[in-house]
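Asker: Let me see the structure of the following:
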Amino acid sequence: MPSGFQQDSNQLQAEMYRATITMSNTTYYPTADGDDNGGVTPNASDSFTTLPTTLVLGKARARGNMRFRNIVNRLTGFGDCQIRDITITEANGSAQATSLSFTVAYDRPGFIPVTGTAIDGSTAITTTAIALKNAIAQGIRDTTSAVVRVYDPTNGDTQQTIAVTATGATAAQTYGTVAVTIIDESTLFD
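Answerer: Model prediction:
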């Protein structure tokens, strides 16, 4: 080993993962009015030229944004990470997203626990990719409420208490709509 070189668990060994959530199944990701609609989206109403056309659609947009925040909270719970290269399929402020992909990068992925069973009840968490997939699925299913900005076509932007519940999918179905793959890895050789 070269002089001055020491490998330990705090050494940066960055890894990047590509996550995709497929939301085209309206049974799993309902579009009807309710606390389970809205899918997952990083976009707020004002991200679009065409704003939500009804208060119900404005609330759905806020719920999708809250689910994305739940996912970010789950992923950052493992440690500092970066979320980048977001790609989303949604037509306008009234349309629910049908697909969301993003890259998540960790400088110290070795600290992410790879033990236990995923929320589908049968998959063992044995890799970082499976741990991230599980965390994303849990974020989608998290029940939360918050006072958030909601676009109402009659009154413009308003502040409302919005509740988010699990979507129309079971835990196993939600887990099945998420895919995570490693896209870049730095390794050290002995």
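Asker: Just say helix, strand or coil for the residue nearest to the spatial centre of the chain.
Answerer: Here the mean C-alpha position of the chain is nearest to the C-alpha of Ile71 (C-alpha atoms, centre = their mean), at a distance of 3.7 Å. The three-state label for Ile71, taken from DSSP: H, G, I helix; E, B strand; the rest coil, comes out as helix.
Asker: how about the closest residue to it other than its chain neighbours, what does it touch?
Answerer: Using C-beta to C-beta, 6 or more residues apart in numbering and skipping residues adjacent in sequence, the residue nearest Ile71 is Gly139, 3.5 Å away. Glycine gets a C-beta too; all of them are placed from N, C-alpha and C. Applying C-beta atoms under 8 Å, 6 or more residues apart in numbering, we find Gly139 in contact with Arg67, Asn70, Ile71, Val72, Asn73, Arg74, Leu75.
Asker: Just the buried ones from those residues?
Answerer: Neighbour counting over these (16 or more other C-beta atoms under 10 Å) leaves Arg67, Asn70, Ile71, Val72, Arg74, Leu75 as the buried ones.
Asker: Relative to Leu51, which of those residues is nearest.
Answerer: Nearest to Leu51, judged by C-beta to C-beta, of these is Arg67 at 19.9 Å.
Asker: picking up where we left off before, which of the buried ones among the contacts of Gly139 sits closest to Asn37?
Answerer: Closest to Asn37, out of all of these and judged by C-beta to C-beta, is Arg67, at 10.4 Å.
Asker: could you point out which element follows the strand or helix carrying the closest one?
Answerer: Using DSSP states H and E, Arg67 maps to helix 55-76. Of the helices and strands lying after helix 55-76 in sequence (DSSP H and E), the nearest is strand 81-89.
Asker: other SSEs contacting that next one?
Answerer: Strand 81-89 makes packing contacts with helix 55-76, strand 99-106 when contacts are defined by 3 or more C-beta pairs under 8 Å, 6 or more residues apart in numbering; DSSP states H and E.
Asker: Recalculate using a threshold of 6 Å.
Answerer: strand 99-106 (3 or more C-beta pairs under 6 Å, 6 or more residues apart in numbering; DSSP states H and E).
Asker: how far out from the middle of the chain is the strand it packs on?
Answerer: Counting by C-alpha atoms, centre = their mean, to the nearest Å, strand 99-106 is centred 8 Å from the centre of its parent chain.
Asker: What are the buried residues along that strand?
Answerer: With the criterion 16+ other C-beta under 10 Å, strand 99-106 contains buried residues Ser99, Leu100, Phe102, Thr103, Val104, Ala105, Tyr106.
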